[in-house]
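Student: Below is the sequence, then the predicted model.
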Amino acid sequence: MSQKSMSMIALIALAIVAIVLFKGIKSFLIGGNIEAKRQSNKLMQLRIFVQFCAIIILMILAWVYGK
C-alpha cells in the first residue's frame, strides 16, 4: 500500500472516532429519560472501542513506516 492510502485509512479511523464522540456528547446533552441515558452510555462505550481500533491502526502505520 502506498503512503497516501495508509494516511487515508488513518484519517478515516480518526473521523469515525470523532463522529461517534460527537453523537455521544449530543445524546448526553439532550438528556431525557433512562433510555436516552442508556443510548448515550452505549455510544460512549462504542467510542472507546473505535478509539482503541484507531490507535491500533495508527501504531501499525507508525511501525510500517518506521522501518
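Tutor: Right, received. Where do you want to start?
Student: pLDDT weak spots in the protein?
Tutor: 1 (pLDDT under 70).
Student: give me that answer again for 50
Tutor: Applying pLDDT under 50 to the chain picks out no residues at all.
Student: Regarding it, what is its longest helix?
Tutor: helix 34-66 (DSSP state H).
Student: list the helices and strands it packs on?
Tutor: With contacts taken as 3 or more Cβ pairs under 8 Å, 6 or more residues apart in numbering; DSSP states H and E, helix 34-66 sits against helix 3-30. Quick note: C-beta positions are derived from backbone N, CA and C, even for glycine.
Student: ok, now which ones touch the residue nearest to residue 28 when sequence neighbours are not counted?
Tutor: Computed as Cβ to Cβ, 6 or more residues apart in numbering, the closest residue to residue 28 that is not its neighbour in sequence is residue 40, at 4.4 Å. Shown here is residue 40, whose contacts under the criterion Cβ atoms under 8 Å, 6 or more residues apart in numbering are 24, 27-28.
Student: Would you mind measuring from residue 40 to residue 64?
Tutor: 36 Å (Cβ to Cβ, to the nearest Å).
Student: ok, now residue 31?
Tutor: From residue 31 to residue 64 the distance is 43 Å (Cβ to Cβ).
Student: How about the contacts made by the residue positioned nearest the centre of the chain?
Tutor: Within the chain, one residue has its C-alpha closest to the average C-alpha position: by Cα atoms, centre = their mean, that is residue 17, at 1.9 Å. With Cβ under 8 Å, 6+ apart as the criterion, the residues that contact residue 17 are 47, 50-51, 54.
Student: would you turn those into a markdown table with distance to residue 5?
Tutor: As requested, the contacts of residue 17 are exported to a markdown table (distance: Cβ to Cβ, whole Å):
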| residue | distance to residue 5 |
| --- | --- |
| 47 | 25 |
| 50 | 20 |
| 51 | 22 |
| 54 | 16 |
